[in-house]
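>>> Sequence and predicted structure below; questions after.
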Amino acid sequence: MTENHLSITISAEELRQIEAQASPEREKVRQMFEAYRPGLGNGNGDEKRPRTVDVQAEPATKPKLL
């Protein structure tokens with residue numbers, strides 16, 4: 001059995017620096033996702049608004065046998 005344990009400790013200042021760097025990137029990804037699939041939220045079930053999709057049923061045709 002192999003167990004790998006890793007602990008990383010950072011200071012509050014390092015945390016603020018990481019968050020300041022990551023925040024604009026998170027916002028860009030959120031905007032790209034919203035543009036790609038408007039109305040679906042963040043993909044984790046957090047929908048911003050209900051999604052309505054218009055569909056139309058068509059009868060199936062029998063395939064022609066050769």
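Everything's here; your move.
>>> Need the distance between the two termini of stretch 35-53.
In stretch 35-53, first residue to last residue: 17 Å (C-alpha to C-alpha, to the nearest Å).
>>> now the helix or strand containing residue 32, how far from the centre of its chain.
Using DSSP states H and E, residue 32 sits within helix 12-36. On the basis of C-alpha atoms, centre = their mean, to the nearest Å, helix 12-36 is displaced by 14 Å from the centre of the chain it belongs to.
>>> ok, and for it, which residues are buried?
Within helix 12-36, no residue is scored as buried using 16 or more other C-beta atoms under 10 Å. Yep, even glycine has a C-beta here, placed from its N, CA and C like the rest.
>>> and if you look at stretch 57-66?
For stretch 57-66, it's none, nothing buried (16+ other C-beta under 10 Å).
>>> Relative to residue 25, how far out is residue 31?
11 Å (C-beta to C-beta, to the nearest Å).
>>> now swap in residue 18 and tell me
11 Å.
>>> in this structure, which ranges drop under the pLDDT threshold?
Applying pLDDT under 70 to the chain picks out residues 38-51.
>>> try 90 this time
Residues of the chain that meet the criterion pLDDT under 90 lie in 1-5, 30-66.
>>> State the distance from the residue of it most remote from its centre to residue 3.
Most distant from the centre of the chain: residue 66, at 46.6 Å, with distances by C-alpha atoms, centre = their mean. Going from residue 66 to residue 3 by C-beta to C-beta gives 62 Å.
>>> and if you look at residue 56?
57 Å.
>>> same thing with residue 11?
Counting by C-beta to C-beta - residue 11 and residue 3 are separated by 28 Å.
>>> do the same with residue 59
Counting by C-beta to C-beta, the gap from residue 59 to residue 3 is 60 Å.
>>> got it, and residue 28?
With C-beta to C-beta as the criterion, residue 28 and residue 3 are 37 Å apart.
>>> ok, now residue 21?
32 Å.
>>> again with residue 54
54 Å.
>>> what does residue 57 give?
55 Å.
>>> same deal with residue 63?
Counting by C-beta to C-beta, the gap from residue 63 to residue 3 is 58 Å.
>>> Residue 55 now?
Counting by C-beta to C-beta, the gap from residue 55 to residue 3 is 51 Å.
>>> All set now, cheers.
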